[in-house]
Structures are given as structure tokens and as C-alpha cells.
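1. Quick one, structure for this:
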Amino acid sequence: MARPSTDELVRARLRALRTERGLSQEEVAARAGMAASTLSRLESGARRLALDHLAPLAGALGVDVGDLLAPATAADPRVHGRARTVEGMTV
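-> Residues are numbered from 1 along each chain as shown. Okay, the predicted model is just below:
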């Protein structure tokens with residue numbers, strides 16, 4: 001099985017960060033100073049990412065450029081219970 005290219009990893013990370021933050025392509029594109037169609041093509045691979053795209057996109061997402069280049073972190077496998085109040089304390 002072939003390893004994904006750096007370009008593919010960055011595109012996937014870009015989409016993951018955007019969706020984690022609940023942002024639309026239009027919102028991120030406006031913050032980055034580009035057209036929503038450009039962002040859509042960047043995420044889908046129809047347009048190749050350039051170094052010039054990374055800083056504005058990172059700023060639009062509120063992350064460092066390195067966060068776009070880093071692999072996505074694995075989800076926490078632990079089960080978390082609901083908060084409850086016991087004797088006036090929330091646990």
C-alpha cells in the first residue's frame with residue numbers, strides 16, 4: 001500500500017481542522033483572503049497546494065503552519081462519563 005503524499009496529508013489535515021472547528025469553506029476562505037472555490041479545489045486536490053497558501057490558511061484556522069503539516073492526532077480511546085453533582089461538587 002502506497003503512503004499518501006505530503007500534499008494529500010496536508011489537504012486532509014486542512015479539511016479535518018476546518019470541520020473540527022465547525023467552519024464552512026466559505027468562512028475559512030474569507031478569513032484567508034481567497035475564493036471559496038479555491039479552498040474547495042485545494043481540499044479536493046483539484047488544485048495543488050503551494051507554500052504561499054499555508055500561512056493564510058493556518059491563520060484562518062487559528063493554528064500554526066506546523067499544525068497543517070503535522071499528522072492528525074488519534075482520538076482519545078477512553079470513555080468519559082457525564083458530569084454529575086455530588087454534595088455540591090461537580091465530578
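2. For the longest helix anywhere in the chain, which helices and strands make contact with it?
-> Secondary structure of the chain per DSSP state H: the longest helix is helix 6-20. On a contact count with 3 or more Cβ pairs under 8 Å, 6 or more residues apart in numbering; DSSP states H and E, helix 6-20 meets helix 36-44, helix 51-61, helix 65-69. Just so you know, the C-beta spots here come from the backbone N, C-alpha and C atoms, and that holds for glycine as well.
3. got CSV for those, with mean pLDDT and distance to L9 too?
-> Shown next, in CSV, are these (pLDDT from 0 to 100; distance: least, Cβ to Cβ, whole Å):
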stretch, mean pLDDT, distance to L9
helix 36-44, 95, 13
helix 51-61, 95, 13
helix 65-69, 91, 8
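4. Out of the ones you listed, which gets nearest to T6?
-> T6 sits nearest to helix 65-69 of all the helices and strands packed on helix 6-20, at 7.7 Å, using Cβ to Cβ.
5. just checking, what packs against the closest one?
-> By 3+ Cβ pairs under 8 Å, 6+ apart, helix 65-69 packs against helix 6-20, helix 51-61.
6. As a markdown table, those with distance to A32 and mean neighbour count would be great.
-> Output for those, formatted as a markdown table (distance: least, Cβ to Cβ, whole Å; neighbours: other Cβ atoms under 10 Å):
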| stretch | distance to A32 | mean neighbour count |
| --- | --- | --- |
| helix 6-20 | 10 | 16 |
| helix 51-61 | 4 | 16 |
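7. And for the longest helix of the chain, what's in contact with it?
-> The contact list for helix 6-20, computed with Cβ atoms under 8 Å, 6 or more residues apart in numbering, reads 4, 25, 28, 42-45, 48-49, 54, 57, 61, 63, 67-72.
8. that older thread, export the helices and strands packed on helix 6-20 to JSON lines and tack on distance to R18?
-> Shown next, in JSON lines, are the helices and strands packed on helix 6-20 (distance: least, Cβ to Cβ, whole Å):
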{"stretch": "helix 36-44", "distance to R18": "8"}
{"stretch": "helix 51-61", "distance to R18": "6"}
{"stretch": "helix 65-69", "distance to R18": "11"}
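9. Done for today, thanks.
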